[in-house]
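*Asks:* Provided below are the primary sequence and the corresponding predicted coordinates.
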Amino acid sequence: MSTLTEAAPPEADEPPARPPRKRGRLVPYWLLLPGILWLLVFFALPLVYQASTSVQTGSLEEGYKVTWHFATYWDALGDYWPQFLRSVLYAGAATILCLLLGYPLAYLIAFRAGRWRNLILVLVIAPFFTSFLIRTLAWKTILADGGPVVGALNNLHLLDVTNWLGATDGDRVLATPLAVVCGLTYNFLPFMILPLYTSLERIDGRLHEAAGDLYARPSTTFRKVTFPLSMPGVVSGTLLTFIPAAGDYVNADLLGSTDTRMVGNVIQTQFLRILDYPTAAALSFILMAAILLMVTFYIRKAGTEDLV
Amino acid sequence: MTTAQEHGGDVRLTGISKTYGSFTAVHPLDLTVPQGSFFALLGASGCGKTTTLRMIAGLEEPSSGTVRLGEQDVTALPPYKRPVNTVFQSYALFPHLDIFENVAFGLRRRGIKSVKKQVGEMLDLVQLGEQARKKPHQLSGGQQQRVAVARALINHPKVLLLDEPLGALDLKLRRQMQLELKRIQTEVGITFVHVTHDQEEAMTMADTVAVMNGGRVEQQGAPADLYENPGTTFVANFLGTSNFIEAEVAEVSGEDVFLKAGGGKLTLPKARCTASVSAGGTVLVGVRPEKISLTHADDAGAIPDGRNRITGRIADSSFIGVSTQYVVDSPVCDAFEVYAQNIERDTRLAPGAEVVLHWNPAHTFGLDADQDVEAGVEKVEEDA
């Protein structure tokens, strides 16, 4: 045994092993380069540009100058906090609805669909083949006054409930918060379903059998095994739904009214109509910071790093 | 009371079968596993042994027949209502729960509040007390396996089902776990039903082995009994190795059957022949390789009378350490296998040597000639 170990080192010290290693060390950086360049050009630079815009003062005619005018942030927040609140509320409601609608569907696709699995997955993403705008406009017809949805809600006396919640207005659905939330839910549902499906599909079916074997009835198995194991999907699904929904303005624009304006609408108006670039940029940064804060808090709470 | 206790926990399968479409995984079979026994279902993959086990667990619904645990018919009960627990093939430990919670899972589901003491004792039994707060993926394969056993045993099931529980372990660990499982079974006295494709594992651990083939139970009995008195060529080949000679029945007299094979004569005790014999018929004569003695042809005169003899030529020999394995070509059977203990090695016994194979007739068994001699021979290419 000892003679063997003594004989081994000369072989390991052979010089040709060295040079290729040096070259190999740089390869990861070369591979990273396109991504880093992409991020620099399309993310970091615009971000810096917008950050500088947000602390500029001046007017369109005289031009803008960086004056480190941070008051723009306070003014923007003071003027538009209801829109911020609304964004969080609508996006939150849409996220919860997406989760409630998406989870059973993702579960069905992952465990029960059998040979229909791929077909249903294609159906889930099929709406993406049409323009976002067209689909949202279609919801205008679906939710139109006197249309089928309004009629059905009325017959079921659900309109009374939504009216009481302040989500609808009399016998109208269109141009109400409910319409905006419906639009958001519809548009972002696939972003909830796909990550949920991915994490559910990875769960070993034998774990369900093991839980059943250990006296867990199906509902308990879901609560104690399936749902906890699908948490990575729940977290990424809710993030993928909530973040874009909070910044969305198309749904509020097409399906809502002046009373349902979200922060995205304000930013859009400031940028494109009022041409108040500093306020628009400040609003964007506040939205970004708020979302970052909420997401950090959420991920801490959900504690996904514990999950395999 | 004691008799009720003794038989109250038998697992009784009656006419149980399972079909998937046109494929029959398990043909209607009757099986009784006595309470407190270590019972092995042995067979190659696809023989229906796992399906049978899953029907006992309730994970598979039988196409016909009933499953009884003691007096209780559990056929229609879902798994979570059966007093049965399973150790799954790949353990199926809950990856999001630590070892303690994995073991406590069954107790908690049955609404037992104070689980700490029981879980602690169970983890000590499987020597994992230190690992209680680790997650399954932090443990080695052998440790995970013990967690799986603890998680099932803590519920004091009437029957513990083990589905190839040692399949994922390496050979050394497997040996160790075989003894460990046997020790635990003796200690807790719970009925174990163990599914395996490893004949050695089945024979080491089980009191009773049922050999399954093609969805049917070929033979059932104590390991030594199955080995010495195989009822079919499948059992004879699947449990260990057997040599077969097709022989013609010359005469049946008293306790013995006299046979002709090639130019030689063989004797077979009638009690060890499962086929019906009559003069002029054929029978398959089997003998285990380790029962045979090998003598060089020059010394043939020294072989005592009354032994079965066959002549041949050594085709191949391999030295294993405790024994030497010879392959002998003989007119009645090519590739006759002989295992000789390395007590006194005769240097003349090398490939090419003319030899006489001889054995005590009592070690001969007779089978119906109407079956495949190669049935149950393990195919090597699967592992390669």
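*Replies:* The structure has been received and is ready for your questions.
*Asks:* I'd like to know how far residue B:368 sits from residue B:43.
*Replies:* Applying CB to CB, to the nearest Å, one obtains 20 Å for the distance of residue B:368 from residue B:43. Placement of C-beta: from N, CA and C, glycine included.
*Asks:* and those two? which has more neighbours close in?
*Replies:* It is residue B:43, of residue B:368 and residue B:43, that has more neighbours when counted by other CB atoms under 10 Å in any protein chain shown, with 28 against 17.
*Asks:* which residues does the more buried one contact?
*Replies:* B:49, B:197, B:211, B:212, B:213, B:238 (CB atoms under 8 Å, 6 or more residues apart in numbering or on different chains).
*Asks:* Narrow those to those in helices?
*Replies:* In this view, the contacts of residue B:43 that belong to helices under DSSP state H are B:49, B:238.
*Asks:* which among the contacts of residue B:43 gets closest to chain A?
*Replies:* Nearest to chain A among the contacts of residue B:43, counting by CB to the nearest CB, is residue B:49 at 17.0 Å.
*Asks:* ranges for the helices of chain B?
*Replies:* Counting by DSSP H, the helices of chain B are B:2-7, B:49-57, B:99-109, B:116-125, B:141-153, B:171-188, B:199-205, B:223-228, B:233-238.
*Asks:* between the longest one and helix B:141-153, how big is the angle?
*Replies:* Note on geometry: by axes from the mean of the first three to the mean of the last three CA atoms, to 10 degrees, helix B:171-188 and helix B:141-153 are set 20 degrees apart in direction.
*Asks:* Can I get helix B:171-188 as PDB, trimmed to CA atoms?
*Replies:* Coordinates of each C-alpha in helix B:171-188 appear next as PDB, following Å, rounded to 0.1, in the frame of the first residue of the first chain:
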ATOM      1  CA  LEU B 171     -23.100  -5.000  -2.100                       C
ATOM      2  CA  LYS B 172     -21.300  -4.600   1.200                       C
ATOM      3  CA  LEU B 173     -24.000  -2.300   2.600                       C
ATOM      4  CA  ARG B 174     -26.700  -4.600   1.300                       C
ATOM      5  CA  ARG B 175     -25.300  -7.500   3.300                       C
ATOM      6  CA  GLN B 176     -25.100  -5.400   6.400                       C
ATOM      7  CA  MET B 177     -28.700  -4.100   5.900                       C
ATOM      8  CA  GLN B 178     -29.900  -7.700   5.400                       C
ATOM      9  CA  LEU B 179     -28.800  -8.600   8.800                       C
ATOM     10  CA  GLU B 180     -30.000  -5.300  10.200                       C
ATOM     11  CA  LEU B 181     -33.500  -5.800   8.800                       C
ATOM     12  CA  LYS B 182     -33.600  -9.400  10.100                       C
ATOM     13  CA  ARG B 183     -32.600  -8.200  13.500                       C
ATOM     14  CA  ILE B 184     -35.300  -5.500  13.500                       C
ATOM     15  CA  GLN B 185     -37.900  -8.000  12.400                       C
ATOM     16  CA  THR B 186     -37.000 -10.400  15.200                       C
ATOM     17  CA  GLU B 187     -37.000  -7.500  17.600                       C
ATOM     18  CA  VAL B 188     -40.400  -6.000  16.700                       C
END
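*Asks:* So what's the model's average confidence on that helix?
*Replies:* Helix B:171-188 carries an average pLDDT of 88.
*Asks:* Next, the angle from it to helix B:116-125.
*Replies:* Angle, helix B:171-188 to helix B:116-125, by the same axes, to 10 degrees: 130 degrees.
*Asks:* helices or strands up against helix B:171-188?
*Replies:* In terms of contacts (3 or more CB pairs under 8 Å, 6 or more residues apart in numbering or on different chains; DSSP states H and E), helix B:171-188 is packed against helix B:141-153, strand B:191-196, helix B:199-205.
*Asks:* and with 7 Å instead?
*Replies:* Contacts defined by 3 or more CB pairs under 7 Å, 6 or more residues apart in numbering or on different chains; DSSP states H and E place helix B:171-188 against helix B:141-153, helix B:199-205.
*Asks:* List the buried residues of it.
*Replies:* Buried residues in helix B:171-188, counted by 16 or more other CB atoms under 10 Å in any protein chain shown: B:173, B:174, B:177, B:178, B:180, B:181, B:184, B:185.
*Asks:* With the fifth one instead?
*Replies:* Applying a neighbour-count criterion of 16+ other CB under 10 Å, one finds B:142, B:143, B:144, B:145, B:146, B:147, B:148, B:149, B:150, B:151, B:152, B:153 buried in helix B:141-153.
*Asks:* Go ahead and confirm residue A:206 touches residue B:88.
*Replies:* Yes. In this structure residue A:206 lies within contact range of residue B:88 using CB atoms under 7 Å: 5.6 Å.
*Asks:* Quick check: closest non-adjacent residue to residue B:174.
*Replies:* Nearest residue to residue B:174, sequence neighbours excluded (CB to CB, 6 or more residues apart in numbering or on different chains): residue B:166, at 4.6 Å.
*Asks:* likewise residue A:244?
*Replies:* Counting by CB to CB, 6+ apart, residue A:244 lies nearest to residue A:188, which is 6.4 Å off, once chain neighbours are set aside.
*Asks:* Who are the contact partners of that neighbour?
*Replies:* A:94, A:98, A:241, A:244, A:245 (CB atoms under 7 Å, 6 or more residues apart in numbering or on different chains).
*Asks:* heading toward the C-terminus, what's the first helix or strand past the host helix or strand of the second one?
*Replies:* Assigned by DSSP states H and E, residue A:98 falls within helix A:71-107. Once helix A:71-107 ends, the next helix or strand along the chain (criterion: DSSP H and E) is helix A:117-125.
*Asks:* per-residue pLDDT, residue B:278?
*Replies:* If you check residue B:278, the pLDDT there is 79.
*Asks:* who touches it in this structure?
*Replies:* Contact analysis of residue B:278 by CB under 7 Å, 6+ apart lists B:249, B:252.
*Asks:* Skip ahead from whichever helix or strand residue A:50 is part of and say which helix or strand is next.
*Replies:* Counting by DSSP H and E, the element that carries residue A:50 is helix A:45-54. As assigned by DSSP H and E, the chain's next helix or strand after helix A:45-54 is strand A:56-59.
*Asks:* Show me which residues of that next one are buried.
*Replies:* residue A:56.
*Asks:* gap between it and the chain center?
*Replies:* 33 Å (CA atoms, centre = their mean, to the nearest Å).
*Asks:* what does that strand contact?
*Replies:* A:64, A:65, A:66, A:67, A:69, A:278.
*Asks:* mind listing the helices for the stretch 151-300 of chain A?
*Replies:* A:158-165, A:177-201, A:205-213, A:218-221, A:227-229, A:231-247, A:250-255, A:263-269, A:277-302 (DSSP state H, counting those that start in this stretch).
*Asks:* Just put the ones you listed in TSV and tack on distance to residue B:36 and mean pLDDT.
*Replies:* Output for those, formatted as TSV (distance: least, CB to CB, whole Å; pLDDT from 0 to 100):
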stretch	distance to residue B:36	mean pLDDT
helix A:158-165	62	87
helix A:177-201	41	95
helix A:205-213	21	94
helix A:218-221	31	95
helix A:227-229	37	94
helix A:231-247	43	94
helix A:250-255	68	93
helix A:263-269	71	94
helix A:277-302	48	91
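*Asks:* export the ones you listed to CSV and tack on distance to residue B:318?
*Replies:* Shown next, in CSV, are these (distance: least, CB to CB, whole Å):
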stretch, distance to residue B:318
helix A:158-165, 83
helix A:177-201, 50
helix A:205-213, 41
helix A:218-221, 53
helix A:227-229, 51
helix A:231-247, 54
helix A:250-255, 78
helix A:263-269, 80
helix A:277-302, 61
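*Asks:* out of those helices, nearest to residue B:60?
*Replies:* Closest to residue B:60 of these is helix A:205-213 (CB to CB; 10.0 Å).
*Asks:* residues making contact with the closest one?
*Replies:* The list of residues contacting helix A:205-213 from outside it, by CB under 7 Å, 6+ apart, reads A:221, A:224-225, B:57, B:59, B:78-80, B:85-86, B:88, B:90, B:92, B:94.
*Asks:* For the nearest residue to residue B:228 once chain neighbours are set aside, give the beta-bridge partners.
*Replies:* For residue B:228, ignoring the flanking residues on the chain, the nearest one in space by CB to CB, 6+ apart is residue B:365 at 7.6 Å. As for beta bridges, residue B:365 partners with residue B:286 under DSSP bridges.
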